[in-house]
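Visitor: Below is the sequence, then the predicted model.
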Amino acid sequence: MRGLFYVLSALAVIGLAFWAYQENYKTQTAVAEVRSLYQDIGAAHERLGMLRAEWAYLNRPDRLTDLADLNFDRLGLLPLMPEAFGAVDQIIYPLPTILPITNPIALTFDELSQRENDL
Amino acid sequence: MSRAPLRPLARILKARARGENPDVIEAANRARRHEAMADKQRQRAEGRLLVLGLAFFCAFALIGLRMGALAASIPEEPQASAVGNPIIGQRSDIVDRNGRILATNLQTNSLYAHPRNMVDPANAAKKLAEIFPDLKEEELLAQFQSERRFLWVRRQISPEQMQAVHDIGSPGLLFGPREMRLYPNGPIAAHILGGASYGREGVASAEVIGVAGVEREFDSFLRDPANEGAPLELSLDLTVQAAAEQVLAGGMSIMNAKGAASVLMDIRTGEIISMVSLPDFDPNNRPRVLTTGDQSDSPLFNRAVQGVYELGSVFKIFAIAQAMELGLVGEDTMIDTKGPLSWGPFRIRDFRNYGPELSTTDVIVKSSNIGTARIAMQIGAERQKAFLDSLGFLAPTPLEMIEAPTGRPLWPDNWSEISTMTISYGHGLSSSPVHLAAGYASLLNGGTRVEPTLLRQTSIQQGPRVVSEEVSAQARNMLRQVVVRGTASFGEVPGYAVGGKTGTADKPRLNGGGYYEDKVISTFASVFPANDPQYVLIVTLDEPSENSGDEPRRTAGWTAVPIAAEMIRRIAPLLGLRPQVDTPQQVGVTLTSN
């Protein structure tokens, strides 16, 4: 009886040792994974910060003003002035949608002769 | 286990037969047995000692080995046990009220040298001088060939420069990561942000510290890792700030002014929406502090916060409002304005003669010094001082900037009757434009004290009452009249019902002894819209002179007011204020539905 007890305890110790060994390696893998994830997140943050800084730099009011001046011919952008506000009744109703053309009319001589040939 | 008997019968019998004492045999046997037992026990104890000694040896050896390993290995931060997010260790961003970035960080590299590791110092110095034109080849070479083991070459370099240095291929030139503070908007809001520089510097990293403005005031907040990168939200609006700076800079050059400042403040929350001081600087490349001369000539000087000036007639509304609050005068009470008003050796004069008497409203509209001084005499020094104190004019502003305490108002030690009279029209008490903005906001928002703040607020300030709502409305009406038919007629902006008061104060001579004849501080303090007050705008020009006419015009009505009007025209739409239009009555339209 006693012998059996000793054998069983020894087996339990071996089993537990094996389990602890595995858990240890699993933990270490997880820690390494977390570390690399943190590094990735850190790099992403850095990239994000850089992009944000660049966005802010490219959208700085001085530059936008200069760009609006340079492209005034095309865009006609002006500073927002009180005149820009309007009343609701100044807005036009949406234009009715144009229906698709189902019976086209020939407009050129070529097209006309083409049609006559078809007939 | 068999035991030897103590009294073996054979020997006992023999001994008895010989007539000897048998007990001797027993004692001898007993002694022998004890000896054997003692031997056995000693053996066992020795064994145990050995095992114990072995265990102790192993334990000490383990500890010793561990200590040795710890001492010999490179220290390493525990990473898995860190609480929170270990990545965002950077200085926090500063953003405006809409989340647009005012200050952020950039990862750059620093360049340093280990001259002893250099193979060809002459070539390295030559190439470095080519990459960085401001470095001198001879100086670099001298440093590389000296006994030094380490030297900084550049604190910050761009990626292109880093690649170029890398291409030199010298093993003695090394790079370290370096965080850099970037202000992407350049000089916009420079005075508020302040600037940053490096504290303790190492090869692996450097500490970024704020040197002025909110960067310094909130240094510990910005560096606190517990914030996890949460930005500092200011009350500023970047677009409004940019527009205000543009308008003010244009106006300053047209009016030939030496400097200018403007403050735009939310009348209920006390938030500073924009605060400009010109000339300004680029916080990315902060200029050095002046070592000689007047600090107020430096672009670093914040005229809106640090500059305390006698602001002139803009103060009249405080005296009038207080007199109305005390019930001394009403809106239409007639005030004696016969001039000049003599008090001892002093004569108080008006800009021009306004006749024998004016109504209280007209004292403000025409800006009569004599009328205001007479009202101030009724109020008295004690009550005037207490009232101005309740508006915050006797203490530095509580603005969240490191420079705010330096903007300490100046007032006479002896607040005599003549001081009361001159302070009522803005001479004798020096304060900053931010003080004035806070005073106007407190007076005109319905009569409760607001304190200026640079941080974004979510609720209105519930300050102590300064004047009644009725007096506040009357004061707004008077200021509106100033624009409609008084000294600030250029201040009319269609749709925004601007109300305001002009102030033109002669500059006191630096060495004391009176005032300059041809140098003024001209100020326009305004509120818009006057019928539904939302914002207070202060525009101050230092030594303006408008030269389009025959003789230079320096009064605020000609200099500060047009600039303020243009600013309101630009800013009010950006703040989302609709112009108020008189909508014609719709006639003949009946709304029906079926």
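Guide: On my side now, so go ahead.
Visitor: Okay, helices next: where are they in chain A?
Guide: Using DSSP state H, the helices of chain A run over A:2-58, A:61-70, A:72-75, A:109-118.
Visitor: Could you give the backbone dihedrals for B:D542?
Guide: phi -100, psi 120 (degrees, to the nearest 10).
Visitor: can you tell me the distance between the two ends of stretch B:462-471?
Guide: Stretch B:462-471 has an end-to-end distance of 18 Å (criterion: CA to CA, to the nearest Å).
Visitor: what does that stretch rub up against?
Guide: B:321-322, B:324-325, B:387, B:390-391, B:442-443, B:446-451, B:475 (CB atoms under 8 Å, 6 or more residues apart in numbering or on different chains). For glycine as for every other residue, the C-beta is placed from the backbone atoms N, C-alpha and C.
Visitor: pLDDT score assigned to residue 96?
Guide: Just so you know, I chose chain A. A:P96 carries a pLDDT value of 83.
Visitor: actually chain B
Guide: B:D96 is given a pLDDT of 92.
Visitor: ok, now how distant is it from B:L278?
Guide: Computed as CB to CB, to the nearest Å, the B:D96 to B:L278 distance reads 20 Å.
Visitor: so the single nearest residue of the stretch 251-400 of chain B relative to chain A, which of the three states?
Guide: Of all residues in the stretch 251-400 of chain B, B:N284 sits closest to chain A, with a separation of 10.6 Å (CB to the nearest CB). Using DSSP: H, G, I helix; E, B strand; the rest coil, the three-state assignment for B:N284 comes out as helix.
Visitor: The residue nearest to it when sequence neighbours are not counted: neighbour count?
Guide: Of all residues not flanking B:N284 in the chain, B:Y183 sits nearest, at 5.2 Å (CB to CB, 6 or more residues apart in numbering or on different chains). When neighbours are counted by other CB atoms under 10 Å in any protein chain shown, B:Y183 registers 28.
Visitor: what's the spacing between the residue of the stretch 251-400 of chain B closest to chain A and B:R303?
Guide: 21 Å.
Visitor: what do you get for B:A15?
Guide: Distance of B:A15 to B:R303, computed by CB to CB: 129 Å.
Visitor: Look at the two and report which has more neighbours.
Guide: B:R303 (29 against 16).
Visitor: Just want the residue of chain A that's nearest chain B.
Guide: Closest point on chain A to chain B, by CB to the nearest CB, is A:P61, at 3.4 Å.
Visitor: Which secondary structure state does the nearest residue to that residue once chain neighbours are set aside sit in?
Guide: Nearest residue to A:P61 in three dimensions, chain neighbours excluded: B:A242, at 3.4 Å (CB to CB, 6+ apart). Secondary structure, three-state DSSP: B:A242 is helix.
Visitor: What is the neighbour count of B:A242?
Guide: For B:A242, the count of nearby residues is 22 (other CB under 10 Å).
Visitor: what residues are up against it?
Guide: Contacts of B:A242 (CB under 8 Å, 6+ apart): A:P61, A:D62, A:T65, B:N185, B:I188.
Visitor: Please report the number of neighbouring residues for the first one.
Guide: Close neighbours of A:P61, defined as other CB under 10 Å, add up to 19.
Visitor: So what's the residue count around B:A257?
Guide: Using other CB under 10 Å: B:A257 sits among 25 other residues.
Visitor: Apologies, that question was intended for B:A319.
Guide: Using other CB under 10 Å: B:A319 sits among 29 other residues.
Visitor: Pretty sure it sits against B:N369.
Guide: No: proximity of B:A319 to B:N369 does not meet the contact threshold set by CB atoms under 8 Å, at 10.8 Å.
Visitor: how much space between the residue nearest the centre of chain A and B:V208?
Guide: Centroid check for chain A by CA atoms, centre = their mean gives A:L48 as the closest residue, at 12.5 Å. When distance is defined by CB to CB, A:L48 is 19 Å away from B:V208.
Visitor: again with A:F72
Guide: Going from A:F72 to B:V208 by CB to CB gives 40 Å.
Visitor: Just checking: what are the partner strands of the helix or strand encompassing B:T504?
Guide: Here B:T504, judged by DSSP states H and E, is contained in strand B:499-508. Sheet pairing of strand B:499-508 (DSSP bridges) gives strand B:515-528 (antiparallel).
Visitor: Now do the buried residues in the strand it pairs with.
Guide: Across strand B:515-528, burial judged by 16 or more other CB atoms under 10 Å in any protein chain shown covers B:K519, B:V520, B:I521, B:S522, B:T523, B:F524, B:A525, B:S526, B:V527, B:F528.
Visitor: how about the residues of chain A near chain B?
Guide: Proximity of chain A to chain B, by CB under 8 Å from any CB of the partner chain, involves residues A:31, A:34-35, A:38, A:41-42, A:45-46, A:49-50, A:52-53, A:55-57, A:59-62, A:65, A:79-82, A:84-85, A:87.
Visitor: are any of the residues you listed buried, and which?
Guide: Buried among the residues of chain A next to chain B by 16+ other CB under 10 Å: A:Y38, A:G49, A:A53, A:A56, A:Y57, A:R60, A:P61, A:L80, A:P82, A:F85.
Visitor: got a list of what the nearest residue to the fifth one once chain neighbours are set aside touches?
Guide: Read it as A:Y57. Distances taken as CB to CB, 6+ apart place B:P184 nearest to A:Y57, at 4.0 Å, with adjacent residues excluded. Listed by CB under 8 Å, 6+ apart, the contact set of B:P184 reads A:A53, A:A56, A:Y57, A:R60, B:I101, B:L102, B:T104.
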